[in-house]
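**Q** Curious how this folds, go ahead:
(2 chains)
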Protein chains: 2
Amino acid sequence: MLSCKRRSDPTREQCCHYVKRCELNHISSVYVSSIFTAELAYFLAIDETHAHTSTKMAVFQMGSHTHAIPMTLYRDNRAKVVNELLRAHNFGADSKPVILLQGGDNISHYDTDVDYVFRQESYFTYLFGVTEPGCYGSVEINTGRSTLYVPRLPEEYAVWMGPLLGLEDFQRKYEVDAVYYVDESGPNTDSGSVAKPAYFKGIDSRVIKSPAEIEVLRYVARVSSDAHKAVMKVMKPGMHEYQAEAEFLRHSYAVGGCRHVSYTCICGAGTNSAILHYGHAGSPNDCAVRDGDMCLFDMGANYGGYAADITCSFPANGKFTEDQKLVYNAVLAARDAVCGAAREGVSWVDMHLLANRVMLEELRKGELLQGDVDEMMEAGLNAIFQPHGLGHFLGLDVHDVGGYLPGCPERSTRAGVNRLRTARTLKAGMYLTIEPGCYFIEPLLNKAYTDPNLSKFLVKENLDRFRNFGGVRIEDDVLITKTGIDNFTLVPRTIEEIEAWMAK
Amino acid sequence: MLSCKRRSDPTREQCCHYVKRCELNHISSVYVSSIFTAELAYFLAIDETHAHTSTKMAVFQMGSHTHAIPMTLYRDNRAKVVNELLRAHNFGADSKPVILLQGGDNISHYDTDVDYVFRQESYFTYLFGVTEPGCYGSVEINTGRSTLYVPRLPEEYAVWMGPLLGLEDFQRKYEVDAVYYVDESGPNTDSGSVAKPAYFKGIDSRVIKSPAEIEVLRYVARVSSDAHKAVMKVMKPGMHEYQAEAEFLRHSYAVGGCRHVSYTCICGAGTNSAILHYGHAGSPNDCAVRDGDMCLFDMGANYGGYAADITCSFPANGKFTEDQKLVYNAVLAARDAVCGAAREGVSWVDMHLLANRVMLEELRKGELLQGDVDEMMEAGLNAIFQPHGLGHFLGLDVHDVGGYLPGCPERSTRAGVNRLRTARTLKAGMYLTIEPGCYFIEPLLNKAYTDPNLSKFLVKENLDRFRNFGGVRIEDDVLITKTGIDNFTLVPRTIEEIEAWMAK
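**A** Just a heads-up that it's a prediction; the model follows:
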């Protein structure tokens, strides 16, 4: 890596100045000025000479073998948001409301001049699809007119960054109505008037996915599925867990063009498979995988900001033991039940409870539990074996927005259900993970063994055998439709499919 | 990925409180209290019951096939820093000076609950080797006694993060003298007294590498060299640049256990090879590599926080053209000259000028330039073809500390030389990159073509042929010794070696 004084970016100060003038702190959600001010008029009254019309369709793409995301995806997102805001708000006749968003900026490693690989803020991706740091964007609510504000980089940056994009280049690249430099814009706040932060009535546009978004999500789920399959192919006892992570990253990037993953890869084998957030800095997937271990690998690629989030559980040596079959099939039954029942109009809370109930029933049949499943549910035994929620919205964020909006069902206080990231009734176009799991987690089992309300359901002489088992999770990414689901996850799921794939 | 409310970490608030009480902002360099205060006495007067002595040698390692970093490396670093401070400062007889460092913390992707993969702050790694976020550490200057302060995680985190390490576990893992929870420590600032920020007289311990550090650096340079060689093996015209990045990342991680790279990979082919900071968010190594392109791949793995930084330049199709040979050999001659001349006692500025002079001489022999090389240097033509410095310190940071300390030569204002990140005289134990390059960069060539002081040296009828050539850089990581250098970079370097390796 070369030496140059990159950090003394003169636009940085200008940006800060600009933000101060707008009286905005760092914005990470949509802000709307719902009052007309002289400042906003000024903001939009910039000379129009930079406005150009593009004739060629612009796309985001990482080579012809990867998915082309048309810029119309973002244009349509802007239109959806504008329409929802117009429906939800009664803007005055003389108002000129504007959505104003600040995009993400580079983040350094502490006091060095090395940055984290840049990731764009999700709302900014949603409305503009812009991949560069340091930008702002606005959308006029009344007209839909979109404007991008880009940093004016010093000419000498061309030596370090290559030919600098001009305003026309940005306009062609992102197909917005106008592009200005950040330092050309901004309201005059000598008057003291400032824009008012947004108030939303249940804005839902990011929750219901558009056809173009669905195609991106389908793509990144397919790439992630293939990467999981590649991992299953290379996995052997004796390897280290992070070598699975390395293979997943390679396949997602080299084959699918995904530079990022959606979250830190979780690659737990053996007892580590029961550590729900394994892979963190203190346990960086650094254990050797042993013969007889179950692997629980939770990894999802990211393409153009859109996330996949998939978990595969399988035996490291490619062949399930009887105990592994029991636990795996209990989770698979839960997943199959939800996949069969989920569709528009169904409550997500009911799906969570259905998954738990089916899993407990299977554990009862397998003689790990005894007694009545409804009573187990009542006592909260479900949250011992699956302490997390059934799944969550997925989109630009891996835990996507819209889970608990005003007017939607509130978060439950019931064990297990309280972990759900949404309690909403499903609608067609929602995109969620379905991820039941069954884990043997020491502190939770200890709790169950000592609590008489729970211990009466446990068949301890059998359950003891599983205390070092680890866990199993099956996680699919599914689109909700009017009649059911469309499962974008394409990996071996039954025991037969997994064993056949790994034996190939 | 699962849902849980990780962000509501109760230790976060406690940490903030603690920092406030200490009157410390985020510390990214060594802070020393050189005055005795009641607070510092309190700080160290914690009950000693947590202190334990370890009997087994602790290491950082990513499996037995990877390098084991002994914790004694960090103990020795602490001793070095303490000794230098004692030499440089006249602490009063009744003072109890203490080094107090804040380690790094997790950084979220904007307002989501997904974090960047954690990277530790370099000084904290240097003194403690701790890989977890949210820690503090102190070293008593008079006694060398080391103490680690770790966040007290809520018990229920064991469900998500696995068994939580206790104080004894941390002590065994990092071999410090004592470990406390962050919430157990901290001075009482009711008195209003606060610690004074450090004043340093040229503290140099991070600049001169210890034997144990040298072994880590040798390891990560070897892993990175092998990863570059793996890339050269898979590279073919028609591939995309980021596919080289993906292969480098895979090899470094899967084979070398390196979860991080030291900086964003630069993988430029064709004209992109002349873009010095290619690979950034706006140009994410996303072009197809064409037959006849030169590849310039600048990538370095990171192991235990220690960095490699290596550049290989080679033809995508494995066979140099005559023009490519000319430029490549000019850079190789510059690199060979520096490798032959660098050793203890030599000025780094002289090495930079030597590399430039040798390169210009080769370009003159190749009939791209004409006239006297000394006059070219005087006119600044060297900075047209190599606008960056010859190299920089390397260690825990890819641009490591210690370049321009008080008492060391100041930064030059001369073209090209002004880009050097140090102007110091070399000492044995320094670790630097040697990275001469030759680039055909449009804005700089345009400047040279139009400036009569520069254009007179150009043989335009020949040089015109190179305007879309791109560039070549050769970057090695070398240890300075009393008699020369020890080159840790082990890749094919001559044209014959590269062609033979790629043909294999």
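
**Q** Domain parsing of chain A, as residue ranges.
**A** Domains of chain A are assigned by the TED database as A:64-184, A:211-503.

**Q** Out of those, which gets the lowest mean score?
**A** Mean pLDDT is lowest for domain A:64-184 among the domains of chain A, at a mean of 89.

**Q** Which stretches in the stretch 101-250 of chain A count as helices?
**A** When assigned using DSSP state H, counting those that start in this stretch, the helices of the stretch 101-250 of chain A occupy the ranges A:122-128, A:157-161, A:167-174, A:211-234, A:241-250.

**Q** want to throw the ones you listed into JSON lines with distance to chain B and mean neighbour count?
**A** Where you see a C-beta, it was placed from the backbone N, CA and C, and this is true even at glycine. Formatted as JSON lines, those follow (distance: least, CB to the nearest CB, whole Å; neighbours: other CB atoms under 10 Å in any protein chain shown):
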{"stretch": "helix A:122-128", "distance to chain B": "7", "mean neighbour count": "25"}
{"stretch": "helix A:157-161", "distance to chain B": "4", "mean neighbour count": "18"}
{"stretch": "helix A:167-174", "distance to chain B": "9", "mean neighbour count": "19"}
{"stretch": "helix A:211-234", "distance to chain B": "9", "mean neighbour count": "21"}
{"stretch": "helix A:241-250", "distance to chain B": "4", "mean neighbour count": "26"}
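
**Q** In JSON lines: those helices, plus distance to B:Y110.
**A** Putting the helices of the stretch 101-250 of chain A into JSON lines (distance: least, CB to CB, whole Å) gives the following:
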{"stretch": "helix A:122-128", "distance to B:Y110": "7"}
{"stretch": "helix A:157-161", "distance to B:Y110": "24"}
{"stretch": "helix A:167-174", "distance to B:Y110": "20"}
{"stretch": "helix A:211-234", "distance to B:Y110": "19"}
{"stretch": "helix A:241-250", "distance to B:Y110": "22"}
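
**Q** Could you work out which of the ones you listed reaches nearest to B:L326?
**A** The stretch from the helices of the stretch 101-250 of chain A with the least distance to B:L326 (CB to CB) is helix A:157-161; that distance is 22.2 Å.

**Q** could you dump the closest one to PDB, C-alpha only?
**A** Included here for helix A:157-161 are C-alpha records, laid out as PDB according to Å, rounded to 0.1, in the frame of the first residue of the first chain:
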ATOM      1  CA  TYR A 157      -6.800  12.700  -6.200                       C
ATOM      2  CA  ALA A 158      -7.000  11.400  -9.800                       C
ATOM      3  CA  VAL A 159      -3.400  10.300  -9.300                       C
ATOM      4  CA  TRP A 160      -4.500   8.000  -6.500                       C
ATOM      5  CA  MET A 161      -8.100   7.200  -7.300                       C
END
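
**Q** what's that helix in contact with?
**A** With contact meaning CB atoms under 8 Å, 6 or more residues apart in numbering or on different chains, helix A:157-161 is reached by A:2, A:4, A:6, A:153, A:164, B:275-278, B:280, B:282-283, B:387, B:441-444.

**Q** Residues touching the helix or strand hosting A:G268, excluding its own?
**A** Of the helices and strands defined by DSSP states H and E, A:G268 is found in strand A:266-269. Contact with strand A:266-269 is made by A:241-242, A:244-245, A:274-279, A:285, A:287, A:289-290, A:293-299, A:311, A:316, A:470-471, B:1, as judged by CB under 8 Å, 6+ apart.

**Q** Show the subsequent helix or strand relative to it.
**A** On the C-terminal side of strand A:266-269, the closest following helix or strand by DSSP H and E is strand A:294-299.

**Q** Just checking: what are the partner strands of that next one?
**A** Sheet partners assigned to strand A:294-299 using DSSP bridges are listed as strand A:266-269 (antiparallel), strand A:310-315 (antiparallel).

**Q** what sits against the residue lying closest to A:A503 once chain neighbours are set aside?
**A** In space, and not counting its chain neighbours, A:A503 is closest to A:G318: 6.0 Å by CB to CB, 6 or more residues apart in numbering or on different chains. Under the criterion of CB under 8 Å, 6+ apart, the contact list for A:G318 reads A:498-499, A:502-503.

**Q** Those residues in helices, which ones?
**A** Where the contacts of A:G318 overlap with helices, as defined by DSSP state H, the overlap consists of A:498-499, A:502-503.

**Q** Report the buried members of those.
**A** Neighbour counting with 16 or more other CB atoms under 10 Å in any protein chain shown marks A:498-499, A:502 as buried within the ones in helices among the contacts of A:G318.

**Q** so which of those are also by chain B?
**A** Restricting these to those near chain B by CB under 8 Å from any CB of the partner chain leaves nothing, as none qualifies.

**Q** Let me know the closest of these to chain B.
**A** Of all those, A:M502 has the smallest distance to chain B: 18.8 Å, by CB to the nearest CB.

**Q** Can you pull up the most central residue in chain A?
**A** The residue lying closest to the centre of chain A (CA atoms, centre = their mean) is A:V398, at 1.4 Å.

**Q** A helix includes that one, no?
**A** No - counting by DSSP: H, G, I helix; E, B strand; the rest coil, A:V398 is located in no helix; its state is coil.

**Q** can you pull the contacts of it?
**A** Residues near A:V398 by CB under 8 Å, 6+ apart: A:262-263, A:300, A:307, A:309, B:1, B:112, B:114.

**Q** ditto for A:V117
**A** By CB under 8 Å, 6+ apart, the contact set of A:V117 is A:259-260, B:264, B:281.

**Q** Most neighbours of all those, which one?
**A** Neighbour tally across these (other CB atoms under 10 Å in any protein chain shown): the maximum, 26 neighbours, falls on A:R259.

**Q** wait, isn't that one in contact with A:R250?
**A** No - shown here, A:R259 and A:R250 do not form a contact pair, counting by CB atoms under 8 Å, at 11.9 Å.

**Q** Surely A:G395 is in contact with A:L217?
**A** Yes - taking contacts as CB under 8 Å, A:G395 lies within contact range of A:L217: 7.3 Å.

**Q** Spell out which residues are contacts of both of those two.
**A** Overlap of the contact sets of A:G395 and A:L217 (by CB under 8 Å, 6+ apart) consists of A:209, A:306, A:431.

**Q** Just give the number of residues close to the first one.
**A** The burial metric for A:K209, expressed as a neighbour count using other CB under 10 Å, is 23.

**Q** what do you get for A:G166?
**A** Quick note: A:G166 (other CB under 10 Å) scores 13 neighbours.

**Q** quick one: it and chain B, what's the gap?
**A** 13 Å (CB to the nearest CB, to the nearest Å).

**Q** For that residue, list the residues it contacts.
**A** If you count contacts by CB under 8 Å, 6+ apart, A:G166 has none.

**Q** Could you do A:R414 as well?
**A** With CB under 8 Å, 6+ apart as the criterion, the residues that contact A:R414 are A:G380.

**Q** Please enumerate residues in contact with stretch A:417-428?
**A** For stretch A:417-428, the surrounding residues in contact (CB under 8 Å, 6+ apart) are A:207-208, A:342-349, A:351-353, A:383, A:387-390, A:392-393, A:399, A:402-404, A:408-412, A:430, A:432, A:480-482, B:3-4.

**Q** Repeat that for stretch A:70-80.
**A** For stretch A:70-80, the external contacting residues (CB under 8 Å, 6+ apart) are A:57-60, A:125-129, A:139, A:144, A:146, A:173-175, A:205, A:210, A:212-213, A:216.

**Q** 10 Å instead?
**A** With CB atoms under 10 Å, 6 or more residues apart in numbering or on different chains as the contact definition, stretch A:70-80 has outside contacts at A:54, A:57-61, A:99, A:123-130, A:137, A:139, A:144-146, A:172-177, A:203-206, A:208, A:210-213, A:215-216, A:304, A:306, A:396.

**Q** Which residue ranges of the stretch 1-150 of chain A form strands?
**A** A:31-33, A:59-60, A:69-70, A:98-102, A:136-140, A:146-150 (DSSP state E, counting those that start in this stretch).

**Q** A:G137 bridge partners, please.
**A** A:L101, A:L148.

**Q** returning to what we had before: select, out of the strands paired with strand A:294-299, the one closest to A:R87.
**A** Nearest of the strands paired with strand A:294-299 to A:R87, taken as CB to CB: strand A:310-315 at 35.1 Å.
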